[in-house]
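> With the input below, show me the fold.
(one chain, ligands or ions: 3)
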Amino acid sequence: MTPDSQQLPTGTRVAIIMDGNGRWAQRRGVPITEGHREGGEALHRTTVAALDLGVSELTVYGFSTENFCRDPEEVAGIMSLFMELVEREAPIMVERDARMCFMGRRELLGDEIRERMRWAEELTAGGSSMTLCIAFGYGGRAEVVDAVRAAALEPGGVDAIDEEAIRRHLYRPELGDPDVIVRTAGEQRTSNFLIWQGAYSELVFSDTLWPDFGEGDLREVLREYAGRERRFGGRAETPPAVTS
Ligand code: IPE
Ligand code: IPE
Ligand code: MG
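Residues are numbered from 1 along each chain as shown. Ligands and ions are numbered 1, 2, ... in the order given. Model (predicted):
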């Protein structure tokens, strides 16, 4: 561990909107799928860095419910790269005692992908050092709709629904709210990511295109987060009055 990493916060829940694969490919004049492939490499690098830096939960946005409206060829390319990535990363997660899981509307995905997700979740279920959660076929609004529908089926019905009931029915109720949500590639919006969980997350925007992201960028995010003051609607901590 370098002296620098000792000063970074540990146990942080980090969420990342991995954006910029298309621009990365466009700037190099290569097919868009190459951008998504390099995006997969960046996810590997960033996951390893997160493990090394003591991040407790890393939730990444890989494919949104809205991304299905892209060109079918691009969508098919993303699906097959995703399957390869899951197969490659799951054993690495086992080696690092980490867990891998997914969030999203799985019924929108093909059987083969769903099977691979199930395999990776089972294989890594015992991991306790960090959780890597990949939001895939995920939409924050869809998640809230699904949670409310499920909560309404509980005893007491609609009248018994409160914030806790909705939280219990989110796709991954065992995960905490992200401390910080990062978006790469310079855009400053959340594009339907973790709209419930992100209510009080700190937002960090990075100009780095996702395929170029790595340990240095993650360190920068954690440094930025460490300097933020979180209030959750309360008052700022005031330093004790100095009496002379
Ligand atoms: C993010 O990169 C990956 C997905 C949304 C699947 P983009 O493909 O959105 O990259 P840009 O925004 O076009 O650069
Ligand atoms: C958000 O990026 C989704 C993912 C990173 C998976 P988009 O590229 O789809 O978002 P917009 O369209 O720029 O808002
Ligand atoms: Mg984009």
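> residue boundaries of the strands in this protein?
Taking DSSP state E, the strands of the chain run over residues 13-17, 57-64, 99-103, 131-138, 180-183, 202-205.
> And those strands: which comes nearest Ala160?
strand 99-103 (24.5 Å; Cβ to Cβ). Where C-beta positions appear, they are placed from N, C-alpha and C, glycine not excepted.
> which helix is the longest one in the protein?
What stands out as the longest helix in the chain, according to DSSP state H, is helix 72-95.
> Show me what that one is packed up against.
If contacts are counted by 3 or more Cβ pairs under 8 Å, 6 or more residues apart in numbering; DSSP states H and E, helix 72-95 sits against helix 32-52, strand 57-64, strand 99-103, helix 111-123, strand 131-138.
> That helix close to ligand 2?
No - Helix 72-95 lies apart from ligand 2 when judged by Cβ under 6 Å from any ligand atom; the minimum separation is 9.1 Å.
> mind giving me JSON lines with the helices and strands packed on helix 72-95 and columns for mean pLDDT and distance to ligand 1?
JSON lines is the format used below for these (pLDDT from 0 to 100; distance: least, Cβ to the nearest ligand atom, whole Å):
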{"stretch": "helix 32-52", "mean pLDDT": "98", "distance to ligand 1": "6"}
{"stretch": "strand 57-64", "mean pLDDT": "98", "distance to ligand 1": "5"}
{"stretch": "strand 99-103", "mean pLDDT": "98", "distance to ligand 1": "15"}
{"stretch": "helix 111-123", "mean pLDDT": "98", "distance to ligand 1": "14"}
{"stretch": "strand 131-138", "mean pLDDT": "98", "distance to ligand 1": "9"}
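> Trp196 and Gly139 touch, don't they?
No - in this structure Trp196 lies outside contact range of Gly139 using Cβ atoms under 8 Å: 11.6 Å.
> Among those two, which residue is more densely surrounded?
Gly139 (22 against 15; other Cβ atoms under 10 Å).
> Got phi/psi on the more buried one?
Backbone geometry at Gly139, expressed as degrees, to the nearest 10, gives phi -140, psi 140.
> Spatially nearest residue to it (excluding sequence neighbours)?
Spatial nearest neighbour of Gly139, chain neighbours left out: Thr65 (3.4 Å); criterion: Cβ to Cβ, 6 or more residues apart in numbering.
> tell me the pLDDT at that neighbour?
Listed pLDDT for Thr65 reads 98.
> that older thread, dump the strands of the chain to a markdown table, plus mean neighbour count.
Putting these into a markdown table (neighbours: other Cβ atoms under 10 Å) gives the following:
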| stretch | mean neighbour count |
| --- | --- |
| strand 13-17 | 25 |
| strand 57-64 | 23 |
| strand 99-103 | 22 |
| strand 131-138 | 24 |
| strand 180-183 | 24 |
| strand 202-205 | 17 |
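> check contacts around Ile78.
Ile78 is in contact with 33, 36, 63, 67, counting by Cβ atoms under 8 Å, 6 or more residues apart in numbering.
> which of these has the most neighbours?
Greatest neighbour count in those, by other Cβ under 10 Å, goes to His36: 25 neighbours.
> Which members of the contacts of Ile78 additionally contact ligand 2?
For ligand 2, the contacts drawn from the contacts of Ile78 by Cβ under 6 Å from any ligand atom are 63, 67.
> need the contacts of Ile78 in TSV with distance to Gly54, can you?
TSV is the format used below for these (distance: Cβ to Cβ, whole Å):
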residue	distance to Gly54
Thr33	34
His36	29
Phe63	28
Asn67	31
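> Please give the number of neighbouring residues around Thr10.
Neighbour count of Thr10, defined by other Cβ under 10 Å: 11.
> Now that it has come up, it's in contact with Leu53, right?
Yes - between Thr10 and Leu53 a contact is recorded at 7.2 Å, counting by Cβ under 8 Å.
> Near Arg105, how many other residues are there?
By other Cβ under 10 Å, the residues close to Arg105 number 16.
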